[in-house]
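K.L.:
pasting the sequence and the predicted coordinates here, then a few questions.
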Amino acid sequence: MRVGIGYDIHRLMEGKPLILGGVEIPYIKGLVGYSDADVLLHAVSDAILGAASMGDIGMHFPDTDPRYKGASSASLLRKVIDLISRKGYRVNNVDIVVIAEEPKIGVFRAKISKKISDVLHIDESRISVKATTSEGVGSIGRGEAIASYAVVTLEG
Ligand code: ZN
């Protein structure tokens, strides 16, 4: 059994789509980044790569590579799964925390779990998605950014 941790933060900007865990969430702002800026899936991808001691997503999918401009983070996560599968690893469970002042993520939890379960090809009972706010403190508290942590265990 191997454990990995992932963390990511992206800035919010008006007029961008908000994609969290591969699910588009209706909101006036969205996250800014080279790919679709899916902060949740970036944290999960980094946790998986970390558990396998295989670097991070910036190393595998650099933002200098035009192939990843506007890329779907679900497709990048799928590539991460292919990479660790080749080393004989598979994901056992994933625990995720999203830190966002707005919008309320809780109502989308089931949809996000289902999407991650589809991408990882594991049962939804192995995926946990939690959401919290920053209690008005700092950049997240001011609604300027959304962050996410993920912890993953791998078998193999
Ligand atoms: Zn990111």
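P.N.:
All right, it came through fine. Numbering: from 1, shown residues only.
K.L.:
show the pLDDT at the residue in the chain that the ion sits nearest to.
P.N.:
Going by CB to the ion, the ion is nearest to residue 42 of the chain, at 3.4 Å. Backbone N, C-alpha and C define where each C-beta goes, glycine included. Note on residue 42: pLDDT of 98.
K.L.:
check residue 70 too.
P.N.:
84.
K.L.:
so it: helix, strand or coil?
P.N.:
coil (DSSP: H, G, I helix; E, B strand; the rest coil).
K.L.:
in this protein, which residue is closest to the centre?
P.N.:
Taking CA atoms, centre = their mean, the centroid of the chain lies closest to residue 41, which sits 1.7 Å from it.
K.L.:
hang on, the residue of the chain closest to the ion in a helix?
P.N.:
Yes: counting by three-state DSSP, residue 42 is located in a helix.
K.L.:
who's in contact with the closest residue to it other than its chain neighbours?
P.N.:
Using CB to CB, 6 or more residues apart in numbering and skipping the chain neighbours, the partner closest in space to residue 42 is residue 8 (4.1 Å). Residues counted as contacts of residue 8 (CB atoms under 8 Å, 6 or more residues apart in numbering) are 39, 42, 43, 46, 147, 148.
K.L.:
could those go into a markdown table alongside neighbour count?
P.N.:
Formatted as a markdown table, those follow (neighbours: other CB atoms under 10 Å):
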| residue | neighbour count |
| --- | --- |
| 39 | 28 |
| 42 | 28 |
| 43 | 27 |
| 46 | 24 |
| 147 | 19 |
| 148 | 28 |
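K.L.:
spell out which parts of the chain neighbour the ion.
P.N.:
With CB under 5 Å from the ion as the criterion, the chain meets the ion at residues 8, 42.
K.L.:
my guess is residue 96 contacts residue 40. True?
P.N.:
Yes: if you go by CB atoms under 8 Å, residue 96 and residue 40 touch, sitting 6.2 Å apart.
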